[in-house]
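Participant: have a look at this prediction, sequence included:
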There are 2 protein chains.
Amino acid sequence: MTTWHIANGYRFAGVHSGLRANEPGRLDLALIVSDRPAVAAGVFTQNRVCAAPVHVCRERLPTKEARGIVVCSGNANACTGQQGLDDARHMTALAGQALGVDAKQMLVCSTGVIGRLLPMAVMESGIPAAAKDVATGPEALERAARAILTTDTRVKVRTRQLVINGQQVNITGFAKGAAMIGPNMATMLAFVLTDAPLDVADLQALAPIAADRSFNCISVEGHTSTNDSLIFLANGDGPKLKGDALRAFNEAAIGVCEELARDMASDAEGASHLITIHVEGTRNDAEARTIAKTIAESALVKTAFFGADPNWGRIVSAAGYSGIAFDESQLSLRLGDFLLYEKGTPLPFDPSAVSAFMKANRELTIRLIFTLGAGRCTFYTCDLTYDYVRLNADYTT
Amino acid sequence: MTTWHIANGYRFAGVHSGLRANEPGRLDLALIVSDRPAVAAGVFTQNRVCAAPVHVCRERLPTKEARGIVVCSGNANACTGQQGLDDARHMTALAGQALGVDAKQMLVCSTGVIGRLLPMAVMESGIPAAAKDVATGPEALERAARAILTTDTRVKVRTRQLVINGQQVNITGFAKGAAMIGPNMATMLAFVLTDAPLDVADLQALAPIAADRSFNCISVEGHTSTNDSLIFLANGDGPKLKGDALRAFNEAAIGVCEELARDMASDAEGASHLITIHVEGTRNDAEARTIAKTIAESALVKTAFFGADPNWGRIVSAAGYSGIAFDESQLSLRLGDFLLYEKGTPLPFDPSAVSAFMKANRELTIRLIFTLGAGRCTFYTCDLTYDYVRLNADYTT
């Protein structure tokens, strides 16, 4: 374990509540507790069908009085109607009661299967147990970070420490997400906690920018989930960060989100390659992102990477149906160091050499160079493998 | 073989030219010849990156003087620059010369790998050989229909015979397409030939409507190809069809296209289920199509069908990120006869019974019922299987 910088004034728990009935001992319930009221803000899924806990968080954020977050994994509490909303609120009531704070000071997240009512008896015993278990330090953080996982193969924690105005500031992020990941977030939960003193309006302004520069630049298969949540807590005392100090904090917090996003793409379900897509030379950044996203979500591009098949025509043709106007003569393409297509003309290359390069490198970079302007985007995705199909073919049964 | 109604005045050939160097004997070059000048019209890919033969067909259509179409499979002649354009035109010159007609009376299509120059020496021997081989009748048609295939597992021919104005009219359609199939067509080629007398303007008007009602309502993975082509030829003599007669012809021609489109979805690469998505009760048909297309292209929905997993939350959540506004209380969902979700509330169901139903039926229907209006759409897709990944992981190598 690399050294984690853990923000002061936070405690964590990760317990087995029994929500995943057929997985004895698996951690499935996490608590994040701030020892004092924290400023909190968040951004959430753009899906029209959004989960009950997302509704509850939206009602309560932004706030200056947050005391923590209760998170369950294995059940999304989405498409569950009024009962689901009641259940999400009841989760915060149980957590508030156990921690001695107001229910409304608690936030709630869920991730897992859609369309099943939460077994509330499990929550009624699990949440007090988690509250008893909260602790400071890396082991408690690790257990919380583990308890939020679904099909992820590893814990995703990224932290930063910096000195602002002569004071040490810690930023502690952790996240889950390995599929149903599309831009505009997806089944991902991410929590970024800091001991810096932040104004609620500044944290609220940071949240969408951080999402846009990180989680909105990854795609596993483009399926935007019902439960996406990125929540920031800042519990620092003292004068709020302003000006350069605020900018320094924001850059560091965005950096944590970028690292968590890249961790997600890298750990995507069944992935055998992490693919970085650089698009440059479009009229503006939005065009570059549209093209990158279209390529990232092409099953044909993704299967070709799985097979180490340098079938670059699929990349160029995906750019072609992205909806962005260009002529072929305005596009060149590199895969790693191989220039395969230059201003509309295919270049001779040795397919077996490129294929060997693709096989040998888990991390691969595509670069699309347009001659239209100064727009650019860097986007992350992964390949589409047998294991992705296997993992998703029998998720609920 | 069911009885095919073959339009009068057409001859066909399908030969092995050697374009697929590593597949001895495989048919890879087709010729369609009209014995007299035919009225011709077509619709083509909306991809910005479009193949050389698409450019050539667009230049030449619509026309009243078409004499045929030369089609090669195994090489898309796309992303091939000026050389590719020269090669596509040269294919029509070779066909014209061999058939004794003007090069400009010939149309050309290609399908296969993108970004490779055509081996023109192969075309120079293959096209005259095909021209020598043209014949009437079902065997010749079958060979032409086979020669255009790529990863398709079967020939796709659909025909109709009807009596219009007391005269027998035949409509003969054949097509290829098994992947890189997204709405707005995809790597699909379809040819619809008739001996009815049609006005060029009427055929030109029919082409986009027929595509919209058929090939634009299927999706394998949403990757719009560089080569999509739907071409109509009508070589009938006599007064052109008008009014009710024209409407009867158009409906029959659209019916042929619908059957070919359904054949494509059913034969999609590696598919083990044909999935019909009915969306109804949206504000208009376009909304219904957007929702259906989003569901059809969700890898998570498609893998769940492969696994016979009644994970219906993925369907509802795909509708939710389609961009169409609705509240959950305005949506109900049926899978086959099972009502799983009613006006925003999940209904109890027996997962093992639904899973058994999904396993037992190769053809499955999802029905999304909204309460917003009278819009509707029927859309076809297939599941995402190990075989799809296998087939696409090593297509060029």
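Facilitator: Structure received.
Participant: measure how buried whatever residue of the stretch 251-397 of chain A ends up closest to chain B is and give me the count.
Facilitator: With C-beta to the nearest C-beta as the measure, A:Gly313 is the residue of the stretch 251-397 of chain A nearest to chain B, at 2.3 Å. For glycine as for every other residue, the C-beta is placed from the backbone atoms N, C-alpha and C. Applying other C-beta atoms under 10 Å in any protein chain shown, we find 31 residues neighbouring A:Gly313.
Participant: tell me the mean pLDDT over the helix or strand in which A:Cys109 is found?
Facilitator: Assessed by DSSP states H and E, A:Cys109 sits inside strand A:106-113. In this model, strand A:106-113 carries a mean pLDDT of 94.
Participant: gap between it and the chain center?
Facilitator: Distance, stretch centre to chain centre, for strand A:106-113: 14 Å (C-alpha atoms, centre = their mean, to the nearest Å).
Participant: buried residues in stretch A:90-98?
Facilitator: A:90-92, A:94-96, A:98 (16 or more other C-beta atoms under 10 Å in any protein chain shown).
Participant: er, stretch A:317-327 actually
Facilitator: Buried residues in stretch A:317-327, defined by neighbour count with 16+ other C-beta under 10 Å: A:317-322, A:324, A:326.
Participant: dump that stretch to PDB, keeping only the CA atoms.
Facilitator: Output of stretch A:317-327 as PDB, limited to C-alpha atoms (Å, rounded to 0.1, in the frame of the first residue of the first chain):
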ATOM      1  CA  SER A 317     -14.700   5.300 -39.500                       C
ATOM      2  CA  ALA A 318     -15.900   5.800 -35.900                       C
ATOM      3  CA  ALA A 319     -14.600   9.400 -36.100                       C
ATOM      4  CA  GLY A 320     -16.500   9.600 -39.300                       C
ATOM      5  CA  TYR A 321     -19.900   8.900 -37.800                       C
ATOM      6  CA  SER A 322     -19.300  11.000 -34.700                       C
ATOM      7  CA  GLY A 323     -21.300  13.800 -36.200                       C
ATOM      8  CA  ILE A 324     -18.300  16.200 -36.400                       C
ATOM      9  CA  ALA A 325     -17.700  17.500 -39.900                       C
ATOM     10  CA  PHE A 326     -14.300  16.900 -41.500                       C
ATOM     11  CA  ASP A 327     -12.700  15.600 -44.700                       C
END
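Participant: sorry, back to before: hmm, the strand holding A:Cys109 touching chain B?
Facilitator: Yes: shown here: strand A:106-113 in contact with chain B (C-beta under 8 Å from any C-beta of the partner chain) through A:Val113.
Participant: just give the nearest non-adjacent residue to the closest residue to chain B within the stretch 51-200 of chain A, would you?
Facilitator: Ranked by C-beta to the nearest C-beta, the top residue of the stretch 51-200 of chain A for proximity to chain B is A:Ile114, at 2.3 Å. Spatial nearest neighbour of A:Ile114, chain neighbours left out: B:Gly313 (2.3 Å); criterion: C-beta to C-beta, 6 or more residues apart in numbering or on different chains.
Participant: check contacts around the residue of the stretch 251-397 of chain A closest to chain B.
Facilitator: Neighbour list for A:Gly313: B:76, B:78-79, B:113-115, B:226 [criterion: C-beta atoms under 8 Å, 6 or more residues apart in numbering or on different chains].
Participant: now neighbour count and secondary structure too, for those, in JSON lines please.
Facilitator: Below are the contacts of A:Gly313 laid out as JSON lines (neighbours: other C-beta atoms under 10 Å in any protein chain shown; DSSP: H, G, I helix; E, B strand; the rest coil):
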{"residue": "B:Ala76", "neighbour count": "30", "secondary structure": "coil"}
{"residue": "B:Ala78", "neighbour count": "31", "secondary structure": "coil"}
{"residue": "B:Cys79", "neighbour count": "28", "secondary structure": "coil"}
{"residue": "B:Val113", "neighbour count": "17", "secondary structure": "strand"}
{"residue": "B:Ile114", "neighbour count": "29", "secondary structure": "coil"}
{"residue": "B:Gly115", "neighbour count": "29", "secondary structure": "coil"}
{"residue": "B:Thr226", "neighbour count": "32", "secondary structure": "coil"}
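Participant: which single one of those residues is nearest to chain A?
Facilitator: Nearest to chain A among the contacts of A:Gly313 is B:Ile114, at 2.3 Å by C-beta to the nearest C-beta.
Participant: strand A:106-113 and the longest strand along chain A, what's the angle between them?
Facilitator: Ranked by number of residues, the top strand in chain A under DSSP state E is strand A:29-44. Relative orientation of strand A:29-44 versus strand A:106-113 (axes from the mean of the first three to the mean of the last three C-alpha atoms, to 10 degrees): 100 degrees.
Participant: is the helix or strand following strand A:29-44 up against chain B anywhere?
Facilitator: Per DSSP H and E, the first helix or strand lying C-terminal to strand A:29-44 is helix A:52-60. No: Helix A:52-60 lies out of reach of chain B by C-beta under 8 Å from any C-beta, never closer than 10.5 Å.
Participant: what is the most widely separated pair among the buried residues of stretch A:90-98?
Facilitator: A:His90 and A:Ala98 (12.5 Å; C-beta to C-beta).
Participant: what domains does the record give for chain A?
Facilitator: Chain A breaks down by automatic domain parsing into domains covering A:10-266, A:274-393.
Participant: identify whichever of those domains lies nearest to B:Phe338.
Facilitator: It is, among the domains of chain A and with distance given as C-beta to C-beta, domain A:10-266, at 12.8 Å.
Participant: show me where the stretch 101-250 of chain A has helices.
Facilitator: Under the criterion DSSP state H, counting those that start in this stretch, the stretch 101-250 of chain A contains helices at A:120-133, A:138-147, A:200-213, A:243-266.
Participant: point out where the stretch 251-397 of chain A drops to low pLDDT.
Facilitator: Filtered on pLDDT under 70, the stretch 251-397 of chain A yields the residue ranges A:394-397.
Participant: which stretches of it form helices?
Facilitator: Under DSSP H, counting those that start in this stretch, the stretch 251-397 of chain A gives helices at A:285-296, A:299-306, A:313-320, A:351-360, A:386-393.
Participant: returning to that earlier point: show me what the strand holding A:Cys109 is packed up against.
Facilitator: Packing partners of strand A:106-113 (3 or more C-beta pairs under 8 Å, 6 or more residues apart in numbering or on different chains; DSSP states H and E): helix A:52-60, strand A:63-75, helix A:81-99, strand A:229-234.
Participant: nearest to B:Ala393, out of those?
Facilitator: strand A:63-75 (31.3 Å).
Participant: among the contacts of A:Gly313, which two are most distant?
Facilitator: By the measure C-beta to C-beta, B:Val113 and B:Thr226 form the most distant pair in those, at 10.9 Å.
Participant: just how off-centre is stretch A:37-52 within its chain?
Facilitator: With C-alpha atoms, centre = their mean as the basis, stretch A:37-52 stands 13 Å off its chain's centre.
Participant: return that stretch as CSV; C-alpha atoms alone will do.
Facilitator: Provided in CSV are the C-alpha atoms of stretch A:37-52 (Å, rounded to 0.1, in the frame of the first residue of the first chain):
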residue,chain,number,x,y,z
PRO,A,37,-20.1,19.7,10.2
ALA,A,38,-18.6,19.7,6.8
VAL,A,39,-19.3,21.8,3.7
ALA,A,40,-20.6,19.4,1.1
ALA,A,41,-21.4,19.5,-2.6
GLY,A,42,-21.9,16.9,-5.4
VAL,A,43,-22.8,16.1,-8.9
PHE,A,44,-25.0,13.3,-10.0
THR,A,45,-26.1,11.2,-12.9
GLN,A,46,-27.8,12.8,-15.9
ASN,A,47,-29.9,9.8,-16.4
ARG,A,48,-33.6,10.6,-16.3
VAL,A,49,-34.1,7.4,-14.3
CYS,A,50,-32.1,8.2,-11.2
ALA,A,51,-31.8,6.2,-8.1
ALA,A,52,-33.6,7.0,-4.8
